[in-house]
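Trainee: From the sequence below, what's the structure:
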Amino acid sequence: MVQNASLLYGFDWDREHFINILMGYLSLFSDIHHVSSFCYYFGMPIITSLTLHPVIMYLLLFESKSMKKEIRRGFILTHLSLILNEWFFSFLFRIQLLLPYGALYCEGPLCRLGLEKWILVTILSVPVVFINPPFNFLVMRMHQLLVPTSESKLRTQLLLGVIHTTLMVSNVIGFGVFGRDHDRSSEIVKEPELAWVAQRGGIIFLFGPPGDLQYFKWELLTFLISMSIIAPPLIFFTGDAMKILARTGDWMGATIFYIIPLSFLFAFIFFDTTSFPGWFYAPLRFITPIIFTLNGHQFGVLFIAKNPTYRKMPLTATHLRYGFELDRDYFLDFMMIYDFVVPIVSALTLYPVIMYLLLFESKAMQRDIKIGYVLEHVSSNEWSFCFFFRIYPLIPYAALYCEGPICNLGLNRHTLTTLLSIPVILINPPFNYLVLRMHQMLVSGNSKWKLSARTQIVVGVIHTSVMIANVFGFGAFGKDHDRAEELKKAYLAWLSDRPGEIFLFGPPGDPQYFRLELYILGSSIIIIAPPLVFFTAESMKIVGTTKDWMGATIHYIVPLGVMLLFMIIDTRSIPGWFYAPFRLVMLMIFTLNGHQFCIFFIIKNASYRKKIYHHHSRVLVMPANASLLYGFEWDRDYLINFSMTYQSCMPFIALILHPFMQYLLLFDSKSMRTEIRVNYCLTHIALVLNEWSFCFAFRIYPAIPYAGLYCEGPLCQSGFDKRILMSILAIPVIAITSPFVTLMMRMHQMLLPVNSKLKLSLWYI
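Mentor: Numbers count the residues shown, from 1 in each chain. A predicted model of the protein is given here:
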């Protein structure tokens with residue numbers, strides 16, 4: 001805290017701390033030097049979109065068959081409106097309250113498009129206001145289903161719904177009409193309490209000084225009247241339903257996470273509250289938007305928590321030990337899908353950006369450091385751990401469940417555990433090398449900690465040898481417990497219907513053979529960790545950075561250490577409900593190790609942040625004087641560059657998928673008829689040829705609506721005549737049809753009965 005720069009109403013806390021936490025993501029794309037260690041507004045929508053929201057949508061779409069159709073629709077619409085509200089408020093706008101001023105600060109991408117303020121206020125009001133109609137509909141329909149009557153009153157319900165929606169629409173219009181700045185806004189914004197905010201580069205909606213809203217007070221009165229009309233029926237419906245169900249979850253959640261923060265905001269904007277002490281405002285400004293953005297989360301949590309069919313298993317009437325019923329019915333399926341999707345998404349988005357920065361935008365970086373970063377990035381265990389193995393821990397048992405393609409190849413247990421250990425263990429040497437080399441660069445030449453090249457090589461060899469010993473240890477001691485089959489039948493029978501493998505090293509606290517490998521791993525950590533901690537601590541004294549070490553600790557050392565610790569220690573005294581979310585969270589944190597490395601790599605380097613901003617800012621703020629017909633300015637400034645990069649990367653990324661596909665067709669499809677298998681192979685080869693020619697050799701971009709194509713691949717830069725190029729391009733495009741048509745025809749003929757009139761002779765085929 002800067003002690004000599006105190007501001008009224010506690011704004012010095014916002015300036016120095018709170019606004020950087022809420023707006024931390026912008027440090028990626030601006031010249032702000034204070035990088036927050038926790039980017040709330042950026043992180044929350046992404047985390048919940050990858051975790052909580054898909055679970056709720058899955059339950060509503062596939063696990064709610066006993067729920068009435070209209071109730072299910074009400075829940076789905078309410079949940080979608082909450083997601084929309086979360087992304088708009090937290091990501092696209094990123095609102096910070098400026099109480100006690102009648103003002104809001106917006107730093108999201110929508111506020112940087114150059115739109116007029118009344119348009120932005122109108123857009124902001126849509127997700128905030130329209131969260132009400134689906135929730136009102138849901139409460140009313142649930143109440144009507146609970147009321148013991150045979151008479152239908154759909155017309156009255158429809159009328160109430162129309163009134164509610166009309167009132168909400170009037171508020172959207174009110175936001176647009178009265179969401180104007182105060183006449184003295186240019187003068188007020190120069191006050192020290194607001195001047196520092198204006199310098200950040202976002203937009204301030206300055207409706208007025210404390211207690212004087214001028215225009216915006218009319219919209220607040222409109223909103224108050226709307227709520228006074230809407231709230232009584234909702235309170236009555238909820239209160240009456242409570243008498244029947246004794247359940248207040250939905251209404252209490254909406255009250256705490258929507259009504260209260262919104263009411264606080266509008267009340268403090270409308271009334272002059274400058275008599276409150278300054279220390280009161282800063283936490284209020286910070287906590288209120290966080291509570292408001294958690295509205296969608298509480299809805300999802302309460303939706304699961306209040307329904308016993310979603311908490312307990314429909315498969316059996318018995319309760320499984322250690323919370324495994326949640327894994328069986330929800331978490332395991334979710335994690336298998338998550339493990340399949342995340343590597344593909346990150347391989348198409350985050351990882352190419354990092355490789356591009358390392359290979360082409362890091363010319364000032366020393367060669368050995370660049371090599372260390374590249375090796376660290378390439379050694380990320382995401383594809384092997386998440387995609388090819390798809391591991392799921394079975395804590396408190398000393399066991400792992402594997403459902404990836406490698407575990408279904410029929411390999412023996414020693415081979416599988418050895419293959420699994422390689423990506424998990426060998427991610428360490430590149431990281432150790434990188435930490436060591438960066439430390440040696442930072443220490444002065446006369447420091448006693450300046451190591452010679454020979455000493456550094458010896459340290460690296462010792463670290464690598466220790467890690468390799470663990471690979472052999474996994475292979476040698478990764479054996480099932482002598483009572484493994486008995487334990488599987490008794491306690492893990494629910495996994496018997498799944499296609500994967502169970503590595504059952506032992507019951508809780510008794511890993512038997514695998515205990516020796518855990519001892520080797522613990523000894524390895526004791527040998528390796530102290531030098532790394534020392535080098536990192538020394539580097540922190542010089543540059544004040546902890547990002548790499550903290551990221552590795554949170555996403556690799558902690559989850560791996562905890563999972564292995566739970567294998568060797570008997571933890572059955574812990575309550576069962578703890579285990580299921582613990583298994584899921586630890587695994588997800590571990591699989592995000594590569595992502596945190598990439599994010600910190602970009603965040604901590606200002607030149608990379610500027611380069612990313614330079615490449616992407618044009619899509620956020622389109623030049624007003626550079627408009628082209630048919631929207632070609634979008635292609636020029638963004639889409640064609642993205643398409644060329646995407647096409648260059650796709651064939652190489654697909655090298656992971658195509659060999660696996662060919663392996664399945666050639667060696668694991670013996671039950672398939674030979675002619676069908678041959679046609680599948682030919683079709684797949686034609687697709688690979690098409691992909692490499694279209695995406696790599698040519699790199700085509702259509703010039704619609706013009707009858708033209710743009711080509712930027714190496715073949716188009718070789719100087720060939722255009723007719724020759726078009727002939728070459730036509731080969732993979734057209735040749736793909738022959739094996740595919742043959743495949744479809746042969747499969748159709750196989751399915752037809754012998755006496756069908758559509759049965760063709762081989763001569764016709």
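
Trainee: next helix or strand past the helix or strand of the chain with the lowest mean pLDDT?
Mentor: Taking mean pLDDT, DSSP states H and E as the measure, helix 308-311 is the helix or strand of the chain with the lowest mean score, a mean of 44. Heading C-terminal from helix 308-311, the first helix or strand you meet, by DSSP states H and E, is helix 324-326.

Trainee: what comes up buried for the helix or strand just after that next one?
Mentor: Moving toward the C-terminus from helix 324-326, the next helix or strand (DSSP H and E) is helix 332-348. Using 16 or more other Cβ atoms under 10 Å as the test for burial, helix 332-348 gives 332, 334-336, 338-339, 342-343, 346-347. Just so you know, the C-beta spots here come from the backbone N, C-alpha and C atoms, and that holds for glycine as well.

Trainee: okay if I get those as a markdown table plus distance to Leu110?
Mentor: Below are the buried residues of helix 332-348 laid out as a markdown table (distance: Cβ to Cβ, whole Å):
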| residue | distance to Leu110 |
| --- | --- |
| Leu332 | 39 |
| Phe334 | 32 |
| Met335 | 34 |
| Met336 | 36 |
| Tyr338 | 30 |
| Asp339 | 34 |
| Val342 | 28 |
| Pro343 | 31 |
| Ser346 | 26 |
| Ala347 | 29 |
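
Trainee: ok, those vs Leu687, which is closest?
Mentor: Taking Cβ to Cβ as the measure, Ala347 is the one of the buried residues of helix 332-348 closest to Leu687, at 18.8 Å.

Trainee: what does the helix or strand containing Met726 rub up against?
Mentor: Assignment of secondary structure by DSSP H and E places Met726 within helix 722-735. Contacts to helix 722-735, defined as Cβ atoms under 8 Å, 6 or more residues apart in numbering, come from residues 686, 689-690, 693-694, 698, 700, 711, 715-716, 720.

Trainee: if we go to 7 Å?
Mentor: Residues from elsewhere that reach helix 722-735 (Cβ atoms under 7 Å, 6 or more residues apart in numbering): 686, 689-690, 693-694, 698, 715-716.

Trainee: Are any of those buried, and if so which?
Mentor: Applying a neighbour-count criterion of 16+ other Cβ under 10 Å, the buried members of the contacts of helix 722-735 are 686, 690, 693-694, 698, 715-716.

Trainee: And for Gln96, nearest residue in space, chain neighbours not counted?
Mentor: In space, not counting the residues next to it along the chain, Gln96 is nearest to Tyr105; the distance is 4.3 Å by Cβ to Cβ, 6 or more residues apart in numbering.

Trainee: Could you export the buried residues of helix 332-348 as TSV, including distance to Met227 and pLDDT?
Mentor: Shown next, in TSV, are these (distance: Cβ to Cβ, whole Å; pLDDT from 0 to 100):
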residue	distance to Met227	pLDDT
Leu332	44	85
Phe334	38	81
Met335	42	82
Met336	45	84
Tyr338	40	79
Asp339	45	80
Val342	42	78
Pro343	47	80
Ser346	44	76
Ala347	48	76
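
Trainee: Quick one: the strands in the stretch 251-400 of the chain, in order.
Mentor: Secondary structure of the stretch 251-400 of the chain (DSSP state E, counting those that start in this stretch): strands located at 391-393, 398-402.

Trainee: and Met441, which of these is closest to it?
Mentor: Comparison of these against Met441 by Cβ to Cβ identifies strand 391-393 as nearest, at 36.3 Å.

Trainee: Take the contacts of helix 722-735 and write them to CSV, including pLDDT, secondary structure and distance to Gly323.
Mentor: CSV is the format used below for these (pLDDT from 0 to 100; DSSP: H, G, I helix; E, B strand; the rest coil; distance: Cβ to Cβ, whole Å):
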residue, pLDDT, secondary structure, distance to Gly323
Ala686, 79, helix, 49
Leu689, 82, helix, 50
Asn690, 76, helix, 48
Ser693, 81, helix, 52
Phe694, 77, helix, 49
Phe698, 85, helix, 54
Leu715, 86, helix, 58
Cys716, 87, helix, 58
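
Trainee: from those, which is closest to Gln749?
Mentor: Set against Gln749, the nearest of those by Cβ to Cβ is Ala686 (20.9 Å).

Trainee: Where does pLDDT dip in the stretch 51-200 of the chain?
Mentor: Along the stretch 51-200 of the chain, segments meeting pLDDT under 70 span 51, 63-67, 136, 138-154, 157.

Trainee: Hmm, I typed the wrong one, I wanted the stretch 651-765 of the chain.
Mentor: Judged against pLDDT under 70, the low-scoring parts of the stretch 651-765 of the chain cover residues 653-657, 660, 760-765.

Trainee: show me where it has strands.
Mentor: In chain order, the stretch 651-765 of the chain shows strands spanning 700-702, 709-711, with DSSP E, counting those that start in this stretch as the criterion.

Trainee: Would you convert those into a markdown table that also reports mean neighbour count and distance to Glu403?
Mentor: Shown next, in a markdown table, are the strands of the stretch 651-765 of the chain (neighbours: other Cβ atoms under 10 Å; distance: least, Cβ to Cβ, whole Å):
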| stretch | mean neighbour count | distance to Glu403 |
| --- | --- | --- |
| strand 700-702 | 16 | 38 |
| strand 709-711 | 15 | 43 |
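
Trainee: Out of these, flag the one nearest Lys489.
Mentor: Sorting the strands of the stretch 651-765 of the chain by Cβ to Cβ, the top spot, which is the nearest, belongs to strand 700-702 at 57.3 Å.

Trainee: List the contacts of that closest one.
Mentor: Applying Cβ under 7 Å, 6+ apart, the contact partners of strand 700-702 are 640, 643, 694, 709-711.
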